[in-house]
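*Asks:* Got a sequence here, can you model it:
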Amino acid sequence: MISDAPLTPGGLETLDWIILAAYLMAMVALGVSFYKGQKTTRDFFLAGRSMNWFPVGISLIATLFSANSYMAIPSATQKYGLVLFVGPFVIFLCIPIVNRIFLPFYNRMQLYSAYEYLEHRFDVRVRCLASGLFIVWRITWMAAALYSASLALWAATGGNINLYWTIVSLGLFATFYTVLGGMKAVIWTDVIQFCVLFGGMIVAATWATSEVTGGIATLFQTMADAGKTSFVANIPEMEAATGLWAKLMAYFCVQDQMTLIGVIVSHLIAYVTFFTVDQVTVQRYFTTRSVEAGRRAFWVSAIGSLAISICLTMLGMALFAYYSSHPLPEQIAGVEFQSDWKYPYFIATVLPAGVAGLLVAALYAATMSSLDSGINSCSTAFLVDFWQRLKHGQVRPVEEEAGPGDSQSHQLFLARALTLVLGAMVTVLACFVGALGDIIVIGNKLVNSFAGPMFSIFLLGMLTRRARSMGVCVGAVAGMAVMAWLVFWTELNFLWPSAFGLVVSLSVGYGLSLFEREPKAEKLQWTLFEQRKLWREES
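*Replies:* Okay, here's the model as predicted:
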């Protein structure tokens, strides 16, 4: 429990609070402006499939960079060094996978939910399992993002505000405009939030660098002097270990460092999953007019994500150099000062009034862009993959006409009600996230660990003819069980659970499938190889 007794002065001035309040109200007003344009669930969830590629690409960037990234990357750069900087470049390994395989695949099917595909390839059990995993995955991800932003404001005010009331207020704002405006509001508010986020980040990095004597050269020199510029991890336990198994255990369980291979593997799994099978991302592709528009949106998101990662790394270096010669408080409101708090503390104690408010708004922008996207996508998955599929037997939604027993107005009301409920769940869960550790660790434990089992389902379905529904289901569950065990009951480094979850899910899923009966021919036509044959024949 975090105490509310202030032991350090709050650094935010009245002007900062005015800027923050004005920003939040502007986001709500924008969401309300799209309310009247929502006539059907197609409008609410897919923006009528009419969005231009550029705002969609910007929305993808804003969604990818929550307050977790905005606070965790500078903090992790200070703690682990520049080896983390390699991770963002892995995004370009995803280009052929996204542009040549998944985007054409999805475009042909005209989906609402990415998990509709799994029913065509396997059956409704696999579809519901994957969609359920996604919903749990994204709820925990949103809770972590909401906690991070609220913690930033709490630290910036020196503990003068109640952390949990901050969580509740931010959750309500993001949920409210998402309920009213749907996907179109989500995308356009994301565009504005990206501008605030990117602008605030540049201001922070520039200002922090200007506070360091010697500028950028000093930043690199300070990091080098602290031994944080090497890409090779120094693991004394590994050198002291005897035997291959002992050395491997020492390598995978190192806690205070990031290994280069671990950074590359964890980022690759996270990026590939995010851009190919995550409903949050895939739903953005569905709002564009064509495959080419989707590809352009992906390019925008890839280049923009790399640019933001570079700026956040520079910010981390600047903060490391600055605080190497400036004292930090031992406590904030009775709690031992944590490395994640350096950035908000810098905002509150160094930056002038107005600028500090802008940067706190940027932290909130990062979070709200993740919340609105996640809530809308989870609502889509639940309504399409569970409500309409299991209650009404619709394999896919009827876009122009009312479904059996459900008018479009009723479905739209249900979509908004579900969005409200999910927003409330995320807000409540966020109050309990802090017990898991540093933000970078929380992000990997709650977000990336789900990526392996999720991605394995699609890999088995698209790339193998042998995979069967029961084997795939058991494999995904086994991967999740192993992931949970590794995260909560072992000392495995937080970079690796997603990789082990992927390997276990693929191995168990494929292995058990060997004992199942041959599926019907119409199921096998949904493998990637058969689909490519159809594409060539049609063209």
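*Asks:* can you pull out the helices in the stretch 151-300 of the chain?
*Replies:* 163-210, 216-225, 236-240, 244-252, 260-276, 279-287, 291-323 (DSSP state H, counting those that start in this stretch).
*Asks:* Turn the ones you listed into TSV, columns for distance to Val474.
*Replies:* The way it works is simple: take the backbone N, C-alpha and C, and place the C-beta from them, glycine included. Output for the helices of the stretch 151-300 of the chain, formatted as TSV (distance: least, C-beta to C-beta, whole Å):
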stretch	distance to Val474
helix 163-210	34
helix 216-225	47
helix 236-240	35
helix 244-252	25
helix 260-276	20
helix 279-287	23
helix 291-323	33
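*Asks:* Please name whichever of these is nearest to Met454.
*Replies:* When those are compared by C-beta to C-beta, helix 260-276 sits nearest Met454, at 5.9 Å.
*Asks:* Just want the angle from that closest one to helix 244-252.
*Replies:* Angle of helix 260-276 versus helix 244-252, following axes from the mean of the first three to the mean of the last three C-alpha atoms, to 10 degrees, is 60 degrees.
*Asks:* Off-centre distance for helix 260-276?
*Replies:* From the chain centre to the centre of helix 260-276 is a distance of 12 Å (C-alpha atoms, centre = their mean, to the nearest Å).
*Asks:* could you measure the residue lying closest to Leu429 once chain neighbours are set aside against Thr218, distance?
*Replies:* Distance criterion C-beta to C-beta, 6 or more residues apart in numbering; nearest residue to Leu429, sequence neighbours excluded, is Ala143 at 4.0 Å. Distance, Ala143 to Thr218, by C-beta to C-beta, to the nearest Å: 38 Å.
*Asks:* Those two: which has the busier surroundings?
*Replies:* Legend: neighbour count by other C-beta atoms under 10 Å for Ala143 and Thr218, higher for Ala143 (25 against 18).
*Asks:* low-scoring stretches of the stretch 251-400 of the chain, by residue?
*Replies:* 333, 366, 392-400 (pLDDT under 70).
*Asks:* Could you point out which of the helices of the stretch 151-300 of the chain sits nearest Arg465?
*Replies:* Taking C-beta to C-beta, helix 260-276 is the member of the helices of the stretch 151-300 of the chain nearest to Arg465, at 20.1 Å.
*Asks:* returning to that earlier point: please identify the deepest-packed of the helices of the stretch 151-300 of the chain.
*Replies:* Most buried of the helices of the stretch 151-300 of the chain by mean neighbour count (mean count of other C-beta atoms under 10 Å) is helix 279-287; its value is a mean of 26.
*Asks:* Quick one: list the elements packing against that one.
*Replies:* On a contact count with 3 or more C-beta pairs under 8 Å, 6 or more residues apart in numbering; DSSP states H and E, helix 279-287 meets helix 41-46, helix 53-64, helix 103-109, helix 124-156, helix 163-210, helix 260-276, helix 291-323, helix 355-382.
*Asks:* So for Phe515, which of those helices sits nearest?
*Replies:* Here helix 124-156 is closest among the helices and strands packed on helix 279-287 (C-beta to C-beta), at 16.9 Å.
*Asks:* For that closest one, buried residues please.
*Replies:* 126-131, 133-135, 137-156 (16 or more other C-beta atoms under 10 Å).
*Asks:* Then stretch 91-111?
*Replies:* Counting neighbours by 16+ other C-beta under 10 Å, stretch 91-111 gives Ile91, Cys94, Val98, Asn99, Ile101, Phe102, Leu103, Phe105, Tyr106, Asn107, Leu111 as buried.
*Asks:* State the pair within those that is farthest apart.
*Replies:* Ile91 and Leu111 (23.7 Å).
*Asks:* Could you dump the helices and strands packed on helix 279-287 into JSON lines with distance to Thr77 added?
*Replies:* Shown next, in JSON lines, are the helices and strands packed on helix 279-287 (distance: least, C-beta to C-beta, whole Å):
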{"stretch": "helix 41-46", "distance to Thr77": "37"}
{"stretch": "helix 53-64", "distance to Thr77": "18"}
{"stretch": "helix 103-109", "distance to Thr77": "33"}
{"stretch": "helix 124-156", "distance to Thr77": "16"}
{"stretch": "helix 163-210", "distance to Thr77": "11"}
{"stretch": "helix 260-276", "distance to Thr77": "12"}
{"stretch": "helix 291-323", "distance to Thr77": "3"}
{"stretch": "helix 355-382", "distance to Thr77": "17"}
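*Asks:* So which of these is nearest Thr222?
*Replies:* Closest to Thr222 of the helices and strands packed on helix 279-287 is helix 291-323 (C-beta to C-beta; 4.2 Å).
*Asks:* Quick check: can you name the pairing partners of the helix or strand that the closest one is followed by and their directions?
*Replies:* Following helix 291-323 in sequence order, the next helix or strand is strand 331-332 (DSSP states H and E). Paired neighbours of strand 331-332 in the sheet (DSSP bridges): strand 335-336 (antiparallel).
*Asks:* Can you name the next helix or strand after the partner strand?
*Replies:* Next along the chain from strand 335-336, counting by DSSP H and E, comes helix 342-349.
*Asks:* what's the closest of the helices of the stretch 151-300 of the chain to Leu118?
*Replies:* helix 279-287 (11.9 Å).
*Asks:* what's the spacing between the closest one and its chain's center?
*Replies:* Averaging C-alpha positions (C-alpha atoms, centre = their mean) puts helix 279-287 14 Å from its chain's average.
*Asks:* Alpha carbons of it, as PDB, please.
*Replies:* Output in PDB follows, covering the C-alpha atoms of helix 279-287 (Å, rounded to 0.1, in the frame of the first residue of the first chain):
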ATOM      1  CA  GLN A 279      -6.800  -7.800 -32.400                       C
ATOM      2  CA  VAL A 280      -5.800  -4.300 -31.300                       C
ATOM      3  CA  THR A 281      -3.600  -4.000 -34.400                       C
ATOM      4  CA  VAL A 282      -5.400  -6.200 -36.800                       C
ATOM      5  CA  GLN A 283      -8.600  -4.300 -36.200                       C
ATOM      6  CA  ARG A 284      -6.800  -1.200 -37.500                       C
ATOM      7  CA  TYR A 285      -5.900  -2.900 -40.700                       C
ATOM      8  CA  PHE A 286      -9.600  -3.800 -41.100                       C
ATOM      9  CA  THR A 287     -10.500  -0.100 -41.000                       C
END
